[in-house]
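Colleague: With the sequence up front, the predicted model follows.
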Amino acid sequence: MGNPESMLLTASRREVLRWGLACGAAGALGPAARALAQQDVAGRDALPGPKLEGLARHPAMFWEKLPDRKVKCTLCPRECEVADVERGYCGVRENQGGEYQTLVYGALCSGNVDPIEKKPLFHYLPGTTAFSIATAGCNIECKFCQNWEISQFRPEQVESTLVTPAQLVRACAGRACPTIAYTYSEPVIFYEYMHDAAALARQQGIGSVMISNGYIQEQPLRQLCRQLTGVKIDFKAFSETFYAQWCSGHLKPVLATLETLKEIGIWTELVVLIIPTLNDSPQEIKAMSKWVVEHLGPDVPLHFTRFHPTYRVTNLPRTPVETLERCRQIALDAGVRYVYAGNVPTHPGENTYCHACRQELIRRVGFQVADNRIRDGKCPRCGAAIPGIWSQEQALAFRPRA
Ligand code: SF4
């Protein structure tokens, strides 16, 4: 079978999936490959429910019938046309006799109580926790994915626990988490479960945030946002070439998602993982920042986070701190009011400063909030309103603009 690390670097997505099947499960990876894989994959300790045997089938939303028992999935921009007994690109949606199904309804392979800062959401209930969950699968393939061990595998290749939406909401309430975060892999591909869990959670006074790549069509996004209370979008780069070469995707649908989120009015933060030489040019960061200000406004927080070598990109170094500082300054100069440097604990760029008087408002140490001076959503020094969600009442009061 060859050396696992060298195989990972050269194999196609299909080969990685086949290799995973041959191994029996992701857990069968060699120790070095496993260490490589587990940099940020959450455990399942917080999950209630039995170990899942088989697949968690459930009728899928957003698809159309085609001739010859084929279907077209209209959940994400890929619009996979899927023949009978086949699956879409994400590997978790299957055609059974001309009816489309999700295979991961409640099949949770990760569950953890995380600081909301880890998502990262810095202007959303700072200092609180989010019950964070995922299933296997993703609708793009980032060669630098930090959670590839679950995102790039099929449901039968990872160990999962079967958790109903009701069990999830109960577990979240039992741990006094005000929020559920749909995260780690790509929540769009477990849309049906996220939608139902978020609706139930809302009824019980718990918010829901989607941590996503933004690769979703407009209609499902609008429907989902009726249940969500916040969104974080991973902005991979500001270049179609980058999306094509490094993510097997496109930039344009992500920009469309961001504009829809702006229209809907849901609280949104953006994160860009800065990878040395690939997406860190000053010209690109400037163009991205200008687009953000022009299309989304100056109040959308923009996080530039530090890359660590992983998955198929192990030949590049960690992002120098100076690069993050330069990106941050470029975005501030372009007019973005809240810009952060991420994955650099204790760096001043992780703190929140008032856009009007530059007073330090929130001091962070890694994912912990050391001090929060915001009072009633305002700067205590100059009284400026600070954009964000500062109370659970405010989070749950959100309704999409028509
Ligand atoms: S959600 Fe999955 S099956 Fe549907 S279009 Fe996207 S990749 Fe294809």
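Modeller: Structure's in. What do you need?

Colleague: Dihedrals phi and psi, the residue in the stretch 51-200 of the chain that the ligand sits nearest to?
Modeller: The shortest separation between the stretch 51-200 of the chain and the ligand is 2.1 Å, found at G88 (distances taken as CB to the nearest ligand atom). Glycine gets a C-beta too; all of them are placed from N, C-alpha and C. Dihedral pair for G88: phi -70, psi 180, per degrees, to the nearest 10.

Colleague: For it, which non-adjacent residue is closest in space?
Modeller: C80 (3.7 Å; CB to CB, 6 or more residues apart in numbering).

Colleague: for T323, same thing?
Modeller: Closest to T323 by CB to CB, 6+ apart is D280, at 5.4 Å.

Colleague: surely the one you found meets E322?
Modeller: No: counting by CB atoms under 8 Å, D280 does not reach E322; the two are 10.7 Å apart.

Colleague: neighbour count winner among the two?
Modeller: D280 (20 against 8; other CB atoms under 10 Å).

Colleague: contacting residues for that one?
Modeller: I274, T319, T323, C327 (CB atoms under 8 Å, 6 or more residues apart in numbering).

Colleague: which residues touch the helix or strand that the last one is a member of?
Modeller: So that's C327. Following DSSP states H and E, one finds C327 within helix 321-334. Applying CB under 8 Å, 6+ apart, the set of residues contacting helix 321-334 from outside is 272, 274, 276, 280, 282, 285-286, 288-290, 292-293, 302, 304-306, 339-342, 344, 347, 349.

Colleague: Check the residues you listed for burial and list the buried ones.
Modeller: Buried members of these, counted by 16 or more other CB atoms under 10 Å: 272, 274, 280, 285-286, 288-290, 292-293, 302, 304-306, 339-342, 344, 347, 349.

Colleague: Among those, which ones are in helices?
Modeller: Using DSSP state H, the members of these that fall in helices are I285, K286, M288, S289, K290, V292, V293.

Colleague: Outline the domain layout of the protein.
Modeller: The chain breaks down into these domains under automatic domain parsing: 4-37, 58-102, 107-397.

Colleague: okay, R44: pLDDT?
Modeller: Looking at R44, its pLDDT stands at 69.

Colleague: Name the nearest residue to H308, sequence neighbours excluded.
Modeller: H308 sits nearest to R318 (CB to CB, 6+ apart), 5.6 Å away.

Colleague: Test my guess that the one you found contacts T310.
Modeller: No: R318 lies out of contact with T310 (CB under 8 Å); the separation is 10.5 Å.

Colleague: List, one by one, the residues from the protein near the ligand.
Modeller: C73, L75, C76, R78, E79, C80, G88, Y89, C90, R93, N139, I189 (CB under 6 Å from any ligand atom).
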